[in-house]
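S.K.: Sequence and predicted structure, then a few things I'm wondering about:
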Amino acid sequence: MKRILLFTVMLTGGLLFTSCNQQQAKTAETTEPAPVVAEKTVELPADAIRIAAIVTLKDAAFAADFEKVAAEVVAGSRAEEGCVYYELGKSTTPLTYAFIEVWKSQDAINTHNETPHFKAFVKAIEGKADLNVCMMNKLF
């Protein structure tokens, strides 16, 4: 009985494997062009203030410490009432990171600049990175 069960399992497994491989081959033969995806836009408050803050580390040795304190400032900032959006990305340019932020108002930014997590972040990168901040209003 055990031999019949084992044979059945092996036969079923082999058929499934063959079926999967044939399906993959058929898909590869009939490659269709990728569908066109429409651009997605998100409506933000008309008076929202957008910020792109570019951080360039002065030495790769600072990267691990920077990413740790950056994770803390991102988490703290996202929890703020005046924060609409807050994201950190790592650039393909070495040692370069970009914060993309959207705030409800200048008052929200002022409050953010006084928070313990933001002050700790500024102190942690002092002398270890260059920071370029670009504040923007919506153009299009």
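M.R.: Thanks, I have the structure now. All of these numbers come straight from a predicted model, not from anything done at the bench.

S.K.: Distance-wise, check the residue nearest the centre of the chain relative to residue 71.
M.R.: Using CA atoms, centre = their mean, the residue of the chain that lies closest to the mean C-alpha position is residue 89, 5.9 Å off. Distance, residue 89 to residue 71, by CB to CB, to the nearest Å: 13 Å. For the C-beta atoms, the positions are set from N, CA and C on the backbone; glycine is no exception.

S.K.: which helices and strands does the helix or strand residue 119 falls within pack with?
M.R.: For residue 119, the element it lies in under DSSP states H and E is helix 116-125. Using 3 or more CB pairs under 8 Å, 6 or more residues apart in numbering; DSSP states H and E, the elements in contact with helix 116-125 are helix 63-78.

S.K.: Quick one: name whatever helix or strand follows the helix it packs on.
M.R.: strand 83-90.

S.K.: strands paired with that following strand, and their directions?
M.R.: Paired with strand 83-90 in the same sheet, following DSSP bridges, are strand 96-103 (antiparallel).

S.K.: what's next to the strand it pairs with, contact-wise?
M.R.: 44, 48-57, 66, 70, 74, 77, 82-91, 109, 112 (CB atoms under 8 Å, 6 or more residues apart in numbering).

S.K.: try 6 Å this time
M.R.: Residues from elsewhere that reach strand 96-103, judged by CB atoms under 6 Å, 6 or more residues apart in numbering: 44, 48-56, 82, 84-90, 109.

S.K.: Filter those residues down to the buried ones and hand me the ChimeraX line.
M.R.: Written as a ChimeraX command, the selection of buried residues from the contacts of strand 96-103, which uses 16 or more other CB atoms under 10 Å, is:
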select :48,49,50,51,54,55,82,84,86,88,109
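
S.K.: hmm, who's touching stretch 108-116?
M.R.: 80, 82, 103, 118.

S.K.: Redo the residues you listed as JSON lines? Include distance to residue 95.
M.R.: JSON lines is the format used below for these (distance: CB to CB, whole Å):
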{"residue": "80", "distance to residue 95": "27"}
{"residue": "82", "distance to residue 95": "30"}
{"residue": "103", "distance to residue 95": "26"}
{"residue": "118", "distance to residue 95": "21"}
